[in-house]
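[1] Below are the sequence and a predicted model; questions follow.
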Amino acid sequence: EVQLVESGGGLVQPGSSLKLSCTTSGFSFETRDMSWVRQAPGKGPEWVSSINSRGARISYADSVKGRFTISRDNAKNTVYLQLTDVKPEDTGVYHCADTFIPVIDGQRIGGTWGQGTQVTVSS
């Protein structure tokens, strides 16, 4: 059974940093592209970042470029998302997915997603 479990979310102040983790099991993690998606209350899913299986290809949404960093540890079957200089608009549930392109035009199009971890940015 494919499982993706996110952790590391919380309530933080604007300008803070936090690191999200997605621990996986049930598939060959080292062969799978991974991504992060977030969903704000009342809105559709928004793609955040993706990393290919070897970590050689990385992409970011313009809204997080320069502030977020995706990485992976294939030995630990885990993908990470480092958030820095967070803003209130970064608030949402952050999901990891086992595909490079999980969302198109606000619609979920593929991959297995985890249940997510809540990130709330507020002063």
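    It's in. These numbers come from a predicted model, not from an experiment. Numbers count the residues shown, from 1 in each chain.
[2] quick one, helices of the protein?
    Applying DSSP state H to the chain gives no helices.
[3] Tell me which residue lies nearest the centroid of it.
    Trp36 (2.4 Å; CA atoms, centre = their mean).
[4] and for the strand ranked longest in the chain, what are the contacting residues?
    Determined from DSSP state E, the single longest strand within the chain is strand 18-25. Applying CB atoms under 8 Å, 6 or more residues apart in numbering, the contact partners of strand 18-25 are 1-10, 12, 34, 36, 76-83, 86, 94, 96, 98, 114, 117, 119. C-beta here means a position set from N, CA and C on the backbone, and glycine is covered the same way.
[5] which of those count as buried?
    4, 6, 8-9, 12, 34, 36, 77-81, 83, 86, 94, 96, 98, 114, 117, 119 (16 or more other CB atoms under 10 Å).
[6] if we can go back for a sec, among the contacts of strand 18-25, which ones are in strands?
    Using DSSP E, the contacts of strand 18-25 in strands are 3-7, 10, 12, 34, 36, 78-83, 94, 96, 117, 119.
[7] Can you mark which positions in stretch 85-93 are buried?
    So, applying 16+ other CB under 10 Å, buried residues of stretch 85-93: 86, 90-93.
[8] should've said stretch 48-58
    Under 16+ other CB under 10 Å, the buried positions of stretch 48-58 are 48-51, 53.
[9] Include distance to Ala61 when you put these into CSV, please.
    Converted to CSV, the buried residues of stretch 48-58 look like this (distance: CB to CB, whole Å):
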residue, distance to Ala61
Val48, 5
Ser49, 7
Ser50, 10
Ile51, 13
Ser53, 20
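[10] CSV please, covering the buried residues of stretch 85-93 and showing pLDDT and distance to Ser123.
    Formatted as CSV, the buried residues of stretch 85-93 follow (pLDDT from 0 to 100; distance: CB to CB, whole Å):
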residue, pLDDT, distance to Ser123
Val86, 98, 11
Asp90, 98, 13
Thr91, 97, 12
Gly92, 98, 17
Val93, 98, 20
